[in-house]
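J.: Need a 3D model of the sequence below.
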Amino acid sequence: MEKRPVAYQIYSAREDAAKDLDAVLGALKGMGYDGVEFAGFYGNTAEQVKALLDKHGLKAISSHVPFVQIESDMFGVIAYHKAIGCEYIAVPYLDDKTRPGAPGFAHALQVIYKFAGLMKEAGMTLLYHNHDFEFVSLSGQYGLDFLYDAVPADLLKTELDVCWVKYAGVNPADYIRKYAGRCPVVHLKDFVGRKQDGSTPYALIGLDENEKKDTQAFEFRPFGYGCQNVEEVVEAGIESGAKWFIIEQDMSIGRTPLEAAEMSIGTLKKIGLK
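T.: Presented below is the predicted three-dimensional model:
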């Protein structure tokens, strides 16, 4: 199997990172990770983050930035990420007022289009990171496909999250191949089970604790320890032009997030990606 660099979504170890980002970065480097994807910076300046990355020999390959922050401060977001050497920024989530099929979706597309253009001018690339709700039908196609049709491929690339693709009932490998040449970054995430109470199993930044419900049968797992066809997904990514794979695990049960991170990259070493 062809080698590819692997990054880790820091949100997966958010509590540890909030206490000691330096230690988390050092641990990830020791496991064999090549880079990280951020979802917030824990009060650090761009200069402080860049210094920590340089210290540990890690690249900030990508960053999840809330849609409302993008909309309110496009130039500030770009400047911060440019300063830490970040190549990609991802729209990580659209709320129920702005997602496909919602009244604000057209406005969201306008914001994404504008921000993607500014990023391109800055020598960076915008990604869109999906959940399962984008797989609703919209004008005869999935909402996610509608979004990618609405914003040109030279402006917006995919960051397909294979957990949510599979959870939506779509084969992740097939869907990655559908966007061959447009998928520079692939999110590797594994799980078992499905929700049984009608609630959604997201661990989202800013979600009200009172709105979180018991996960019941659903559980996030280290990559390779759930229901994903590991080699099929990774091979599809390589064939389709993925430059980076990113490990993400929204919640770790029965082990620490960093223990889970080591298990996930261990899977990628076993199949020869690392």
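J.: Isn't Gln69 up against Tyr80?
T.: No. The pair Gln69 / Tyr80 is not scored as a contact, 10.3 Å apart, by CB atoms under 8 Å. Every C-beta, even on glycine, is put in place using the N, C-alpha and C of the backbone.
J.: can you map out the helices along this protein?
T.: 14-31, 46-56, 67-72, 74-83, 105-121, 143-150, 162-167, 172-178, 230-239, 257-270 (DSSP state H).
J.: any chance of those helices in a markdown table, with distance to His131 too?
T.: Output for the helices of the chain, formatted as a markdown table (distance: least, CB to CB, whole Å):
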| stretch | distance to His131 |
| --- | --- |
| helix 14-31 | 18 |
| helix 46-56 | 26 |
| helix 67-72 | 13 |
| helix 74-83 | 21 |
| helix 105-121 | 14 |
| helix 143-150 | 9 |
| helix 162-167 | 5 |
| helix 172-178 | 14 |
| helix 230-239 | 17 |
| helix 257-270 | 20 |
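J.: Make TSV from these and add mean pLDDT to it.
T.: Output for the helices of the chain, formatted as TSV (pLDDT from 0 to 100):
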stretch	mean pLDDT
helix 14-31	98
helix 46-56	98
helix 67-72	98
helix 74-83	98
helix 105-121	98
helix 143-150	98
helix 162-167	96
helix 172-178	98
helix 230-239	98
helix 257-270	98
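J.: Looking at the ones you listed, spot the one closest to Val186.
T.: When these are compared by CB to CB, helix 230-239 sits nearest Val186, at 4.3 Å.
J.: May I have the closest one as CSV, with CA atoms only?
T.: Presented in CSV, the C-alpha positions along helix 230-239 are these (Å, rounded to 0.1, in the frame of the first residue of the first chain):
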residue,chain,number,x,y,z
VAL,A,230,-10.4,-0.4,6.8
GLU,A,231,-8.4,-1.4,3.8
GLU,A,232,-11.3,-0.7,1.3
VAL,A,233,-11.7,2.8,2.7
VAL,A,234,-8.0,3.6,2.8
GLU,A,235,-7.4,2.2,-0.7
ALA,A,236,-10.3,4.2,-2.1
GLY,A,237,-8.8,7.4,-0.6
ILE,A,238,-5.4,6.7,-2.1
GLU,A,239,-6.9,5.9,-5.5
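J.: Specify the angle between it and helix 257-270 in degrees.
T.: Calculated by axes from the mean of the first three to the mean of the last three CA atoms, to 10 degrees, helix 230-239 forms an angle of 70 degrees with helix 257-270.
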